[in-house]
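Student: prediction below, plus the sequence it came from.
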Number of protein chains: 2
Amino acid sequence: MDRFVSTFTNKIDAKGRVSVPAAFRAVLERDGYGGGIYCYPSLDAPALDAGGERLAQTIDGLLSGLPDYSDERDELSVALYGEVQILSIDGDGRIIIPDSLRAHAALGSHVTFVGLGQKFQIWEPERFNERRAQARTKVQDHRKLFGAGNRPPTSGPSGPDDGGGATGARET
Amino acid sequence: MDRFVSTFTNKIDAKGRVSVPAAFRAVLERDGYGGGIYCYPSLDAPALDAGGERLAQTIDGLLSGLPDYSDERDELSVALYGEVQILSIDGDGRIIIPDSLRAHAALGSHVTFVGLGQKFQIWEPERFNERRAQARTKVQDHRKLFGAGNRPPTSGPSGPDDGGGATGARET
DNA sequence: TTGACTCCCATAAATTTCCATGCAATTCCA
DNA sequence: TGGAATTGCATGGAAATTTATGGGAGTCAA
C-alpha cells in the first residue's frame, strides 16, 4: 500500500488540530517522510493539495520540464512554491492548518481527506460532495477506457435496464 | 490459476465481516497482494468491483496517460481514487465492507462474489441472479449470430468428459 | 502576565487479532 | 466399496490494539 486512497472526514478541534487519517500517515512514512507534509492551495479547486517527499519531487520535475526564465515557469513556480507550507505532524498524528490555507479551502469545523494516489487533497466536506458528483459524471464519459462499458444495444431485451436508481452512493 | 472464476455466496456477520472465497484469496496472492484488495463502486451496475495489485495498476496506468495538473486528470482522480477503498484481509480471510460501498451495492446479510477474470465483483445475491438470467439470454442471442448453437442436443457419453469443473469449493 | 504553540495523557469508540466451533468434502483404510 | 478420520473453509465471539478526539500542563515570545 503506497498510494493515498479513500476518503476520510475528521474534525478540527478547538485548537485547530485535525487528525491525519492513519492510513495516510502510513503512506507518508513509506513515502520518505521528512518531518512534515507538503501542503498548498490547489490550483483549480477550493481545496488543498498535500503529500510527502514524492509530491515535492513531482513538482520539481514538472518545473524542470519548462524552459528557464519562461513566464510559464515563473508563474507556476510562484503558484506552487509560493504558497507551500510544511505542516508538521504531532505525536498524535495531527496537523494544524494555517489560516491562509484554511481560507483557500473555506474550511469549517470538519475536513475531508481525499486520496488521489500520489497526493491527497483536503476539502470542506460539502464542497467535496459537489465535486465528487461532478467527477462521477465525468467518469461515465471515460468508462470505455476501462473496457467496462459494454452498453446493451438500445434495442435490447424488453426487460427494464438494470440501471436502477440504486446508485445512491452514500457518504463516508 | 491466476484469474478469478466462479461465484460464491457468503454471509456477512454481525460485525460486517465476510469471508473472501478461498479460491479468490489464492488468486490475490499470486496477483501481487499488497496488503489489501482494491474495491470501488461499479460504474454500470449496483455492485462493487474488486481486485488486487493488478487492478490498481490499471487505474494508475489510466491516469498516467493524462497530463499532471490537468482538470481532466484531477476529476478522474477524484472519481477513481476518491471512491476506492482498500479492504484489508484479516488472518481468517475476511474483509469488512464499509457502509458507503454497502449502500451502492444494496448489500444485505449475504453477498455473492463473482469472478470476472482479472477482477471480481460483489453483488447482493438476488440482484445478481436477475443479472445472470439476463446475461444468459443475451449469450444465447449471440450464439445464434455465431452459428455456434449447432450442437448435438444431449452430450452423449462419447468423448472423455472432463468430469468436474467444479472443484471442491462450495459454490452457489 | 497573556497568548500561542507544543508535548503529554485520558478516554471512548472502532478496528484488528486471536481462538473456537461446525459443516462439507476429501482422503484413508479396512 | 463403505465408513470413519482428516483437512480446509466459513463463521461466531471475545480479547487486545489503534485511532480519533478532548483537555491540561509546560514553554517560549511579546
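Tutor: On my side now, so go ahead.
Student: excluding sequence neighbours, find me the nearest residue to residue A:30.
Tutor: Leaving aside its sequence neighbours, residue A:30 sits nearest to residue A:2 (Cβ to Cβ, 6 or more residues apart in numbering or on different chains; 5.3 Å). In this view, the C-beta of every residue, glycine as well, is placed from N, C-alpha and C.
Student: quick one: low-confidence parts of chain A?
Tutor: Residues of chain A meeting the criterion pLDDT under 70: A:1, A:34-35, A:142-172.
Student: just the helices in chain A please.
Tutor: Counting by DSSP state H, chain A has helices at residues A:22-30, A:53-64, A:71-81, A:99-105, A:125-146.
Student: neighbouring contacts of the shortest one?
Tutor: For helix A:99-105, the surrounding residues in contact (Cβ atoms under 8 Å, 6 or more residues apart in numbering or on different chains) are A:39-42, A:46-48, A:83, A:85, A:111, A:122-124, A:127.
Student: what about 7 Å?
Tutor: Residues outside helix A:99-105 that contact it (Cβ atoms under 7 Å, 6 or more residues apart in numbering or on different chains): A:39, A:41, A:46, A:47, A:48, A:85, A:122, A:123, A:124.
Student: just the buried residues of it, please?
Tutor: A:101, A:102, A:104, A:105 (16 or more other Cβ atoms under 10 Å in any protein chain shown).
Student: go through stretch A:81-100 and flag the buried ones.
Tutor: Neighbour-count burial for stretch A:81-100 [16+ other Cβ under 10 Å]: A:83, A:85, A:87, A:89, A:94, A:95, A:97.
Student: hmm, which two among the contacts of helix A:99-105 are most spread apart?
Tutor: Spatial extent of the contacts of helix A:99-105 (Cβ to Cβ) is set by the pair A:85 and A:124 at 17.8 Å.
Student: OK, contacts around residue A:128?
Tutor: A:112, A:114.
Student: just to revisit the earlier point, nearest to DNA strand C among the buried residues of helix A:99-105?
Tutor: Nearest to DNA strand C out of those is residue A:102 (Cβ to the nearest atom of the strand; 12.0 Å).
Student: the closest one and residue A:65: what is the separation?
Tutor: Residue A:102 sits 32 Å away from residue A:65, going by Cβ to Cβ, to the nearest Å.
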